[in-house]
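Peer 1: below is the sequence, then the predicted model.
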Amino acid sequence: MNDSYSWLLHDHSGFEASLDSFTDAVEREAWSDAEDAFWQLVEGLKEHMAMEEEVLYPAYESDPDLP
């Protein structure tokens, strides 16, 4: 995968951080923080999935050199 798709790796790292924040907030019973982290994760995943559908998959399907 070339550098133009490095946003995928960056996004996944961000999701892990959001999930860690959510888990930490739940363990502390900091419900407001947990809710914020949860919605940050949800919105990030929605955007990421849209980019995969609109950019990554079409590019992958149009490149005959990819397996």
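Peer 2: Looks like it came in fine.
Peer 1: switch to C-alpha atoms for all contacts and neighbour counts from now on
Peer 2: Noted.
Peer 1: now Gln40. Nearest residue, chain neighbours left out?
Peer 2: Ser18 (6.9 Å; C-alpha to C-alpha, 6 or more residues apart in numbering).
Peer 1: residues in contact with the one you found?
Peer 2: Contacts for Ser18 were tallied using C-alpha atoms under 8 Å, 6 or more residues apart in numbering; they are 37-38, 40-41.
Peer 1: would you reformat those residues as TSV and include secondary structure and pLDDT?
Peer 2: What follows is the contacts of Ser18, written out as TSV (DSSP: H, G, I helix; E, B strand; the rest coil; pLDDT from 0 to 100):
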residue	secondary structure	pLDDT
Ala37	helix	94
Phe38	helix	95
Gln40	helix	92
Leu41	helix	92
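Peer 1: by neighbours, which of the residues you listed wins?
Peer 2: Taking other C-alpha atoms under 10 Å to define a neighbour, the member of the contacts of Ser18 with the most is Ala37, carrying 21 neighbours.
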